[in-house]
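In: Sequence isn't available, so here's the structure alone:
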């Protein structure tokens, strides 16, 4: 697809698609969408912003780079609270692959991942689970429905349900907005909704970041998105998005909530002088309170922190 066709599609064509005026699976628009999906699916990235450069290293520094879900969900706030003279935690964003690459090339000490470590390019690297990400189901603020069943969400993701009336709303098409998230990694939420199939519904609208999901859903009344609660929470609180309960559960309900994704950090080798104080803080009471603001924290025991292999 050339630049002119892409711009045409991403403007009027996408708008018409979101409003339910054209079927995405037919004709040139469907072919153009497929091309966009193929390009966007190559990068595991959660936000539009480019990767931030790490500052000049100082003695006692601990550098984190990786998924923006951890960066904005907890690690930047952890860094502010944890850092003091002689020890500094620096957190910058990116995606899973950015974090893996930064650690492998010794540009960062910790790489953040929003996919399981096994089955990824980090498989075999030492790692620690630090939290779980709540995947929120959000709709336009004007949408009258307030809840969805997990089975309905599965049918929507697989293209077997495509009208709001089937969810208790108006008789109009549902514009499912989704990411081709880490398509070659095992991603638990995608696998749960799609029953281990690689592709979302062909009727869906695909974007490449969580930020684009929240922006799209907040602007189009027919849209529904599945997105990290880290990015949805501020817009829900501002009244720009509406959060749906899933089988009566909400983000914040712990492991009763059905859509959870692991958040881990990988590293090359354990460096006790810089790493142990930070992880003691992260798994301690203050760190757990910070993690719980938008994520589901895990205990040191659940993470296996403190095992002899980390000494």
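Out: Received it, and whenever you're ready, just let me know what you need. Just so it is clear, the model here is predicted, and its values are computed rather than measured. Numbering: from 1, shown residues only.
In: Let me see the ranges of the helices in the stretch 1-150 of the chain.
Out: Using DSSP state H, counting those that start in this stretch, the helices of the stretch 1-150 of the chain run over 3-8, 14-18, 27-40, 68-70, 76-82, 96-104, 150-157.
In: now for stretch 113-123, what's the gap between its first and last residues?
Out: Start-to-end span of stretch 113-123 (Cα to Cα, to the nearest Å) is 12 Å.
In: I'd say residue 193 and residue 155 touch.
Out: No. With contact defined as Cβ atoms under 8 Å, residue 193 does not count as touching residue 155 (9.4 Å). Glycine gets a C-beta too; all of them are placed from N, C-alpha and C.
In: In terms of mean pLDDT, which of the helices of the stretch 1-150 of the chain ranks lowest?
Out: Of all the helices of the stretch 1-150 of the chain, mean pLDDT reaches its minimum on helix 3-8 (a mean of 32).
In: Skip the chain neighbours and tell me the closest residue to residue 219.
Out: residue 140 (7.8 Å; Cβ to Cβ, 6 or more residues apart in numbering).
In: Can you give the domain ranges for the protein?
Out: If you go by automatic domain parsing, the domain ranges for the chain are 3-45+134-256, 61-132+260-310.
In: Least confident of the ones you listed, on average?
Out: domain 3-45+134-256 (a mean of 76).
In: Just give me the longest strand of this structure.
Out: Assignment by DSSP state E gives strand 127-140 as the longest strand of the chain.
In: Would you state the helices of the stretch 151-300 of the chain in chain order?
Out: 188-194, 210-219, 229-237, 272-282, 285-291, 300-303.
In: Those into a markdown table, with extra columns for distance to residue 202 and mean neighbour count?
Out: Shown next, in a markdown table, are these (distance: least, Cβ to Cβ, whole Å; neighbours: other Cβ atoms under 10 Å):
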| stretch | distance to residue 202 | mean neighbour count |
| --- | --- | --- |
| helix 188-194 | 12 | 18 |
| helix 210-219 | 18 | 22 |
| helix 229-237 | 25 | 20 |
| helix 272-282 | 41 | 17 |
| helix 285-291 | 37 | 16 |
| helix 300-303 | 38 | 14 |
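In: Can you say which of those is nearest to residue 203?
Out: Residue 203 lies closest, by Cβ to Cβ, to one member of the helices of the stretch 151-300 of the chain: helix 188-194, at 13.7 Å.
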